[in-house]
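> coords below, sequence missing:
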């Protein structure tokens, strides 16, 4: 299982709303994440900066599958007013290279 980190940004002033929404993630969204093979998924917040960590065999395949999933489309629409957007979806920056890991 490969480990990935990506960065996103919450719109300024919506930090508490972001936290609130993630205390009640839609059950069908949680199921969709697992269906595409994502596990051990965490999001960390520092001000408006969001650092997401997840484990999945193939990040790009999982993201492509997730993009088509109806539950994800509903979740992305629900979150679109509080996340910085790019090309119709959340602006995500994948950190491509892991240089150290201690297990």
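Yep, it's here. What you see is a predicted model; the values in this text were computed from it and never measured. Numbering: from 1, shown residues only.
> Can you name the helix or strand that the spatially closest residue to residue 78 that is not a sequence neighbour falls in?
Nearest residue to residue 78, sequence neighbours excluded (CB to CB, 6 or more residues apart in numbering): residue 21, at 7.3 Å. Just so you know, the C-beta spots here come from the backbone N, C-alpha and C atoms, and that holds for glycine as well. Remark: residue 21 resides in helix 15-22, with elements defined by DSSP states H and E.
> for the record, mean pLDDT for the helix or strand following that helix?
Once the chain leaves helix 15-22, the next helix or strand it forms, by DSSP H and E, is helix 27-35. Helix 27-35 comes out with an average pLDDT of 98.
> after the helix or strand of the chain with the lowest mean pLDDT, next one along is what?
Least confident helix or strand of the chain, by mean pLDDT, DSSP states H and E, is strand 89-90 with a mean of 86. Downstream of strand 89-90, the first helix or strand assigned by DSSP H and E is strand 93-95.
> That next one packs against which elements?
Judged by 3 or more CB pairs under 8 Å, 6 or more residues apart in numbering; DSSP states H and E, strand 93-95 is in contact with strand 2-9.
> Tell me the buried residues in the strand it packs on?
If you call a residue buried by 16 or more other CB atoms under 10 Å, then strand 2-9 has these buried ones: 4, 6, 8-9.
> ok, residues contacting that strand?
Applying CB atoms under 8 Å, 6 or more residues apart in numbering, the contact partners of strand 2-9 are 48-59, 83-84, 90-95, 98, 101.
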